[in-house]
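> Pasting the sequence and the predicted coordinates here, then a few questions.
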Amino acid sequence: MRDPPLSIKGVLIYDGHVLLLLNERGEWDLPGGRPEAGEDHRSALSREVLEETGLRVEVGAALGEHLFEVLPGRFVRIAAFACRVAADAQVVLSAEHLEALWLPVGQLGDGMIDGHRLPAGYLAAVRRATPSGS
C-alpha cells in the first residue's frame, strides 16, 4: 500500500473569524492543496491560498497532521498550519469552491455550519490555532 497523497491546509484567522470554503462535496474546507515537486510546505500553502482565495498570508506554526477519508477508501494526509491574513482581507474565490465564509471562531460548535459539516480534523486544527481553543 502506498502512502496517501499530502495536502497542506491553512487555518486563516482574521479578527476572531476563520475562513471556511464550501467544496463540491458539500463540506466546509480549509484553503490549501498539494505541493508541487520540490516545493516546501509553507511555499505550497502560500501559493495555494493565493490561488484559491486571492489572499496573501504569512504561514506560521504547524498545527499537526491527520488522515482524512475524502471519499470511501480514499485517504489524504492533511498537514495544517496557522496563517495570518493581511488587514481588510477580501476573498476572491476560485472555481475550486462554491462559497467562502468568515465564521466567528466561537460559532464553530460541533462543526455543523449552515447545514454543512466541517470535518473533525479541520475543526481540531482550527481549535489548536486559536488562543482560546474555542
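Here it is on my side, so go on. On a predicted model such as this, the values are computed, not experimentally measured, just so you know.
> Please make it C-alpha for all contacts and neighbour counts, starting now.
Noted.
> Torsion angles phi and psi at R42?
Comment: the main-chain dihedrals of R42 come out as phi -70, psi -40, following degrees, to the nearest 10.
> I'd like the distance between L6 and P104.
Shown here: L6 relative to P104, a distance of 28 Å by C-alpha to C-alpha, to the nearest Å.
> Enumerate the positions of whichever strand or helix holds L63 that are buried.
Assigned by DSSP states H and E, L63 belongs to strand 57-71. When burial is assessed from 16 or more other C-alpha atoms under 10 Å, strand 57-71 yields the following buried residues: V57, V59, A62, L63, E65, F68.
> What distance do you get for the spatially most central residue of the chain to G106?
Note on the chain: the residue nearest the mean C-alpha position is L30, at 1.9 Å, using C-alpha atoms, centre = their mean. Noted for L30: a distance of 17 Å to G106, by C-alpha to C-alpha.
> returning to that earlier point: for the first helix or strand past the strand holding L63 going along the chain, the distance to its chain's centre please.
The first helix or strand that comes after strand 57-71 along the chain, using DSSP H and E, is strand 74-85. Between the mean C-alpha point of strand 74-85 and the mean C-alpha point of its chain there is a distance of 6 Å (C-alpha atoms, centre = their mean, to the nearest Å).
> Adjacent strands (with direction) for the next helix-or-strand element following strand 74-85?
Proceeding N to C from strand 74-85, the next assigned helix or strand is strand 99-104, under DSSP H and E. Here strand 99-104 is paired, per DSSP bridges, with strand 17-22 (antiparallel).
> Would you mind writing the CA trace of the partner strand as PDB?
Output of strand 17-22 as PDB, limited to C-alpha atoms (Å, rounded to 0.1, in the frame of the first residue of the first chain):
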ATOM      1  CA  HIS A  17     -13.000  34.700  12.400                       C
ATOM      2  CA  VAL A  18     -11.800  31.600  10.500                       C
ATOM      3  CA  LEU A  19     -12.100  31.300   6.700                       C
ATOM      4  CA  LEU A  20     -14.000  28.300   5.600                       C
ATOM      5  CA  LEU A  21     -14.600  27.300   1.900                       C
ATOM      6  CA  LEU A  22     -17.500  25.100   0.800                       C
END
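> for that strand, what is the average pLDDT?
In this model, strand 17-22 carries a mean pLDDT of 95.
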